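**Q** Build me a model:
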Amino acid sequence: MPPVGIDLFGVERLYLKEAEEPPLSPQDESARDRAWDMAVQANPTLFDGPVVACAGLQWTGSTTLLLSWVRVTYRHYALRRVPGATALPSLFVNVVQPIDDGRVLAVRMSSSTAAPGRWQLPGGSVEPPPGDGVLDEVALAGQAARELAEELGIEAAPGVLRLWVVTRGENGSIGLTYLAPPLSETALREGFAAASAAELALGGEPELDDIALVRSPAELACLSGPHADYLEPLVARYTQGIV
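**A** I've put the predicted structure just below:
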């Protein structure tokens, strides 16, 4: 069973609709900005870039989901630290990347990220389309493929990534989990090493500082540090053959 507070939804079709960000009172806006400034002081690598939040979920069929989304910036989530204020849930994509012997990849976030030391699946926050661009299933799969390329050096066409599960976890955050075709362990490790080396050559710090391959949720216990709330239930779902 998923941990308390984690929901897993099997979704075959996903539709998206843009909505407006709820208005903030001047008091909440000021408190949000103060909370954001404090967060940046604690972690100067944080940046207030554009991001997508979830404004609502609505089932339109047994496996068809309508997701309303809003353009915000990372500053919006500082509302979680403002008493009495409500932050919209975050929206992110991630990928279950198996290898050809049935194990699944877990990755550890580096010290320069917003969640240093956390084990999770490769992925990242959903970004809004530029201008009047469309955010749809194709665009989301493209963002998931881009995360694989940037973090792990894995080149996967968006069309080979299948939306597998939608998760709802901490702070109501919504995760769109894609299933990738299996790779060899050699290809995976070589890709990770190349992506890390390329980032270091540019003077940056890789988003990931370690990877692990696990065959069951029990093996996750050997990975020291915090774990994303969705990690164990998704590894369990995959390794139990629910694909």
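**Q** how deep is residue 117 tucked in, by neighbour count?
**A** A count of neighbours around residue 117, defined by other C-beta atoms under 10 Å, yields 14. The C-beta positions use only the backbone N, C-alpha and C, and glycine is treated the same way.
**Q** Going by neighbour count, list what's buried in the longest strand seen in the chain.
**A** Selection of the longest strand in the chain by residue count, based on DSSP state E, yields strand 50-61. Residues of strand 50-61 classed as buried under the neighbour-count rule (16 or more other C-beta atoms under 10 Å) are 51, 52, 53, 54, 55.
**Q** Pull out the buried residues from whichever helix or strand comes after that strand.
**A** Once the chain leaves strand 50-61, the next helix or strand it forms, by DSSP states H and E, is strand 64-73. Buried residues in strand 64-73, counted by 16+ other C-beta under 10 Å: 65, 67, 68, 69, 70, 71, 72.
**Q** Throw those residues into TSV and include pLDDT, thanks.
**A** Formatted as TSV, the entries for the buried residues of strand 64-73 read as follows, by pLDDT from 0 to 100:
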residue	pLDDT
65	96
67	98
68	98
69	98
70	97
71	97
72	97
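**Q** Let me know the closest of those to residue 214.
**A** Sorting these by how near they are to residue 214, with C-beta to C-beta, puts residue 65 at the top with 28.2 Å.
**Q** where does the residue nearest to residue 129 when sequence neighbours are not counted land on pLDDT?
**A** Of all residues not flanking residue 129 in the chain, residue 135 sits nearest, at 5.2 Å (C-beta to C-beta, 6 or more residues apart in numbering). Note for residue 135: predicted pLDDT of 96.
**Q** neighbouring contacts of the longest strand of the chain?
**A** Contact with strand 50-61 is made by 13, 15, 19, 21, 65-74, 76, 87-91, 125-128, 135, 168, 172-174, as judged by C-beta atoms under 8 Å, 6 or more residues apart in numbering.
**Q** Tell me how far it lies from the chain's centre.
**A** How far strand 50-61 lies from its chain's middle: 14 Å, per C-alpha atoms, centre = their mean, to the nearest Å.
**Q** pLDDT on it, on average?
**A** The predicted model assigns strand 50-61 a mean pLDDT of 96.
**Q** Output it as CSV, restricted to C-alpha atoms.
**A** This file holds the C-alpha atoms of strand 50-61, laid out as CSV (Å, rounded to 0.1, in the frame of the first residue of the first chain):
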residue,chain,number,x,y,z
PRO,A,50,8.6,30.3,-14.4
VAL,A,51,6.9,27.1,-13.4
VAL,A,52,3.4,25.5,-13.5
ALA,A,53,1.1,24.9,-10.6
CYS,A,54,-1.9,22.6,-10.5
ALA,A,55,-5.2,24.5,-10.0
GLY,A,56,-7.4,21.4,-10.0
LEU,A,57,-8.1,17.8,-11.0
GLN,A,58,-11.3,16.5,-12.5
TRP,A,59,-12.1,13.0,-13.6
THR,A,60,-14.1,13.0,-16.9
GLY,A,61,-14.0,9.2,-17.2
